[in-house]
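Q: coords below, sequence missing:
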């Protein structure tokens, strides 16, 4: 029989997740504005930052739920 134990979630992980979500939304909005303005190089920079934020968000969710 498995013993299910509950662990407390550190507040820092929740703060990190919230910041990553906010940064990702900001970077996606800036990328869309840059694309509408015709600045493809700036678009690629903001899109790359959004992808990095998404990767960080996935890692933090992995740590919270599976570790």
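A: All right, it came through fine. Worth saying up front: this structure is predicted, and the values here are computed from it rather than measured.

Q: helices and strands around the strand or helix carrying residue 45, which ones?
A: Assigned by DSSP states H and E, residue 45 belongs to helix 40-66. If you count contacts as 3 or more Cβ pairs under 8 Å, 6 or more residues apart in numbering; DSSP states H and E, helix 40-66 packs onto helix 11-37. Every C-beta, even on glycine, is put in place using the N, C-alpha and C of the backbone.

Q: buried sites along the helix holding residue 45?
A: In terms of neighbour count (16 or more other Cβ atoms under 10 Å), helix 40-66 has its buried residues at 43, 46-47, 49-50, 53-54, 56-57, 60.

Q: What is the most widely separated pair among those?
A: Using Cβ to Cβ, these reach their maximum pairwise distance at 43 and 60, which is 26.0 Å.

Q: So residue 30 versus residue 24, what's the distance?
A: Separation of residue 30 from residue 24 (Cβ to Cβ, to the nearest Å): 11 Å.

Q: if you skip the residues just before and after it, what's nearest to residue 20?
A: Using Cβ to Cβ, 6 or more residues apart in numbering and skipping the chain neighbours, the partner closest in space to residue 20 is residue 57 (4.5 Å).

Q: What pLDDT is listed against that neighbour?
A: In the predicted model, residue 57 carries a pLDDT score of 90.

Q: Now do the same contact list for it.
A: 17, 20-21, 24 (Cβ atoms under 8 Å, 6 or more residues apart in numbering).
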